[in-house]
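Undergrad: need coordinates for the below:
(chains A and B)
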Protein chains: 2
Amino acid sequence: MPSSKALSRIDIVRSSQVIEMNEHPVDAIRKKKDASIVVAFDLVKQGRANAVVSAGNSGATLAAGMRKLGRLKGVARPGIASTFPTLKKPVVLMDIGANVDCKPLHLFQFGVMASAYSCIHGIKNPTIGLLSNGEESGKGNALVKETHQLLADSSLNFIGNVEGRDVYQGNVDVIICDGFVGNVCLKISEGLADAAMQMLRDEIMKSTLAKIGYLLARPAFKAFKKRVDYTEYGGAPLLGINGTGIVSHGKSNARAIKNAILEAINMERHHVGQAILEGLALEEQNSGGCSS
Amino acid sequence: MPSSKALSRIDIVRSSQVIEMNEHPVDAIRKKKDASIVVAFDLVKQGRANAVVSAGNSGATLAAGMRKLGRLKGVARPGIASTFPTLKKPVVLMDIGANVDCKPLHLFQFGVMASAYSCIHGIKNPTIGLLSNGEESGKGNALVKETHQLLADSSLNFIGNVEGRDVYQGNVDVIICDGFVGNVCLKISEGLADAAMQMLRDEIMKSTLAKIGYLLARPAFKAFKKRVDYTEYGGAPLLGINGTGIVSHGKSNARAIKNAILEAINMERHHVGQAILEGLALEEQNSGGCSS
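TA: This next block holds a predicted model:
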């Protein structure tokens, strides 16, 4: 239980409606004007709050943020980024599901926005990779090939195409993809991690010696789990809206919510919105006004 | 070493050229007419061989197969399927990289072809899922939404959209996606499995007790590795060409090649090409001739 001192710093604002996970985001926020996620972004709009953290319907969170706070000037499509644990430093992947049909400009701007965002982790001039089916610049679907050219012509620190197997290597700071592909990446990773742990557990349970071995090695397993634990990563930032919002995993525990709140504070302190505006202005200037 | 009896059953046909992994498939097979992969498919065309197995450039293997043997009647785009180990039964994913820009008809036909192929594993009327960013039928990018309708109207055993996290659950026999997404799925899975094992190994190496525990549990780890080992799965079949071809992993060892050859024999014995033709004819008939 929080102390009374801690409670004295919390204001509770009532809301009467709930947006369910399976509701269509835009329809839901239009119909349910008193849903907690709509009310929360209204508080930011009124200046009564600085940021929103939500573990609910992520599409509705983004839609409510866009409706109440609007987009940052010059942003074609706000999106959702996510930080992945890797063998080396964490990597920021964008978009992870907000925009399933993208144009090259959208992916290019994800690069600008995720680059500005990853600065809050102390990374200066982050390296950016474009997710493709091969490293060569000619590889990719039509969207990726066109985006490649935009990124190559920009002032971003673009290192070229990266492949699926590069995501967990940690050799790049930011990876760009459309929201359909990003969502599949996120969910196949969760699914594979769960399935692999389950298969390993099944094999260990078949032998007493293996069970004893597992008990001895358990601290190592725990350390491993902590290293890949999503609750350490504080949720996924909405990038491109005119304010700070974080989407947390639907299964978030108290620790995950705490880290999401800390992440929101960190984003506010680092003026991520301002950094995105500056990044977009720089690209606009470089391209002679042709990039948006 | 193989016995002289085994060697007496092997004919070696010379070829003077090699297609490198980074060459453009179609250009390469046009220029290098004496590359081993071109020669191999020529042997099938001449009736001197029944099938081709290659661990080389997979795009060039498909391109050579298409050039020498042609497509099966009615197939718009041949593709490459792959079998994934899961918590339950294996799942066939198609396409894993041959077609990065697809139309709904292509994905629909991947469903017909992968369905016909998965019958060789003894599965009758396999269930088919469409990879998307949500299970609801309204979820997906434009390509997936249109494909959903084609699959729903077909006589295939279509169970609707599946998500990335369903791939390793083993609750569906066949999963359909475009080759860009399929390639990312395959490679992110390989990358995550490698990274996770590496991280776990790092943690185990930090403590003597954990090392002893790992030694005791090693048979369980080995059994787990065998369960997810790609070399057990005999390579990825080319589906839609007028003949049998298998693409093996570039890192294939002897065991993987052996299993790929056994898979090719299995495909020939089960007349997979004929099953694909029958599947396409059935869909053509059901749609009144509108599906191709």
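Undergrad: all contacts plus neighbour counts: C-alpha atoms, from now on.
TA: Will do.
Undergrad: now the host helix or strand of residue A:276: buried residues?
TA: Using DSSP states H and E, residue A:276 sits in helix A:272-286. By neighbour count with 16 or more other Cα atoms under 10 Å in any protein chain shown, helix A:272-286 contains the buried residues A:272, A:273, A:275, A:276, A:277, A:279, A:280, A:281, A:282, A:283, A:284.
Undergrad: ok, the first one touching residue A:117?
TA: So the one you mean is residue A:272. Yes: with contact defined as Cα atoms under 8 Å, residue A:272 reaches residue A:117; the gap is 5.8 Å.
Undergrad: counting neighbours, what do you get for the nearest residue to residue A:102 once chain neighbours are set aside?
TA: Leaving aside its sequence neighbours, residue A:102 sits nearest to residue A:178 (Cα to Cα, 6 or more residues apart in numbering or on different chains; 6.1 Å). Residue A:178: 27 surrounding residues under other Cα atoms under 10 Å in any protein chain shown.
Undergrad: would you confirm that residue A:178 contacts residue A:104?
TA: No: between residue A:178 and residue A:104 there is no contact under Cα under 8 Å: 9.4 Å.
Undergrad: let's verify residue A:246: helix, strand, or coil?
TA: strand (DSSP: H, G, I helix; E, B strand; the rest coil).
Undergrad: do the one 5 residues further on as well
TA: When the structure is reduced to helix, strand and coil (three-state DSSP), residue A:251 reads as coil.
Undergrad: so who does it touch?
TA: Shown in contact with residue A:251 (Cα atoms under 8 Å, 6 or more residues apart in numbering or on different chains): residue A:55.
Undergrad: roughly how far does it sit from chain B?
TA: Relative to chain B, residue A:251 is positioned 15 Å away (Cα to the nearest Cα, to the nearest Å).
Undergrad: now do residue A:98
TA: Taking Cα to the nearest Cα, one finds residue A:98 at 10 Å from chain B.
Undergrad: can you get me a residue count around that residue?
TA: Residues lying near residue A:98 (other Cα under 10 Å) number 24.
Undergrad: how about residue A:229?
TA: When counting by other Cα under 10 Å, one arrives at 13 neighbours for residue A:229.
Undergrad: please apply the same query to residue A:159.
TA: Per other Cα under 10 Å, the neighbour tally for residue A:159 reads 13.
Undergrad: quick one: least confident helix or strand in chain A?
TA: One helix or strand of chain A scores below all others by mean pLDDT, DSSP states H and E: helix A:4-8, with a mean of 79.
Undergrad: please save the CA atoms from that helix in PDB.
TA: C-alpha atoms of helix A:4-8 as PDB (Å, rounded to 0.1, in the frame of the first residue of the first chain):
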ATOM      1  CA  SER A   4      -0.600   8.600   3.000                       C
ATOM      2  CA  LYS A   5       2.200  11.000   2.000                       C
ATOM      3  CA  ALA A   6       2.300   9.300  -1.400                       C
ATOM      4  CA  LEU A   7      -1.500   9.300  -1.600                       C
ATOM      5  CA  SER A   8      -1.600  13.000  -0.900                       C
END
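Undergrad: is chain B within reach of the next helix or strand after that helix?
TA: Remark: after helix A:4-8, the chain's next helix or strand is helix A:25-31, criterion DSSP H and E. No: using Cα under 8 Å from any Cα of the partner chain, we find that helix A:25-31 stays clear of chain B, coming within 11.7 Å at best.
Undergrad: now do helix A:25-31: everything it contacts.
TA: Here helix A:25-31 has contacts from A:19, A:35, A:38, A:57, A:59, A:60, A:61, A:63, A:64, using Cα under 8 Å, 6+ apart.
Undergrad: again with stretch A:81-90
TA: Under the contact criterion Cα under 8 Å, 6+ apart, stretch A:81-90 has outside partners A:91-96, A:114, A:167-171, A:173, A:227-228, A:233, A:235-239, B:195, B:198-199.
Undergrad: got a PyMOL select line for the buried ones in these?
TA: Buried residues among these (16+ other Cα under 10 Å), as a PyMOL selection:
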select buried, (chain A and resi 91+92+93+94+95+96+114+167+168+169+170+171+173+227+228+233+235+236+237+238+239) or (chain B and resi 195+199)
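Undergrad: mind listing which of the contacts of stretch A:81-90 are in strands?
TA: Taking DSSP state E, the ones among the contacts of stretch A:81-90 that sit in strands are A:91, A:92, A:93, A:94, A:236, A:237, A:238, A:239.
Undergrad: so what's the last one bridging to?
TA: Taking DSSP bridges, one obtains residue A:79 as the residues bridged to residue A:239.
Undergrad: please apply the same query to the first one.
TA: On the basis of DSSP bridges, residue A:91 is bridged to residue A:84.
Undergrad: for it, give me its contacts.
TA: Applying Cα under 8 Å, 6+ apart, the residues contacting residue A:91 are A:83, A:84, A:85, A:167, A:170, A:172, A:173, A:174, A:175.
Undergrad: separation between it and chain B?
TA: From residue A:91 to chain B the distance is 13 Å (Cα to the nearest Cα).
Undergrad: what of residue A:253?
TA: 20 Å.
Undergrad: state the pLDDT value of that residue.
TA: Note for residue A:253: predicted pLDDT of 89.
Undergrad: next, count neighbours for it.
TA: 12.
Undergrad: try residue A:54
TA: 24.
Undergrad: kindly report the same for residue A:254.
TA: Look at residue A:254: counted by other Cα under 10 Å, it has 9 neighbours.
Undergrad: quick one: contacts for it?
TA: Contact partners of residue A:254, counting by Cα under 8 Å, 6+ apart, are absent.
Undergrad: likewise for the one 3 residues further on?
TA: Residues near residue A:257 by Cα under 8 Å, 6+ apart: A:53, A:231, A:234, A:235, A:248.
Undergrad: give me the residues contacting the helix holding residue A:276.
TA: Residues outside helix A:272-286 that contact it (Cα under 8 Å, 6+ apart) are A:72-75, A:109, A:112-113, A:116-117, A:120, A:154-155, A:239-244, A:290-292.
Undergrad: now swap in stretch A:205-222 and tell me
TA: Residues outside stretch A:205-222 that contact it (Cα under 8 Å, 6+ apart): A:204, B:200, B:203-204, B:206-207, B:209-220.
Undergrad: which of the residues you listed are buried?
TA: Buried by 16+ other Cα under 10 Å: A:204, B:200, B:203-204, B:209-220, out of the contacts of stretch A:205-222.
Undergrad: tell me which of those residues is nearest to residue B:160?
TA: Nearest to residue B:160 out of the buried ones among the contacts of stretch A:205-222 is residue A:204 (Cα to Cα; 34.8 Å).
Undergrad: I'd guess the closest one is in a strand, am I close?
TA: No: applying three-state DSSP, one finds residue A:204 to be helix, outside a strand.
Undergrad: and it, what does it touch?
TA: By Cα under 8 Å, 6+ apart, the contact list for residue A:204 reads A:210, A:211, A:214, B:217, B:220, B:221.
Undergrad: dump the residues you listed to CSV, plus distance to residue A:191.
TA: Shown next, in CSV, are these (distance: Cα to Cα, whole Å):
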residue, distance to residue A:191
A:210, 25
A:211, 24
A:214, 22
B:217, 24
B:220, 21
B:221, 19
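Undergrad: quick check, nearest of these to residue B:14?
TA: Distance to residue B:14, by Cα to Cα, is smallest for residue B:221 among the contacts of residue A:204, at 42.1 Å.
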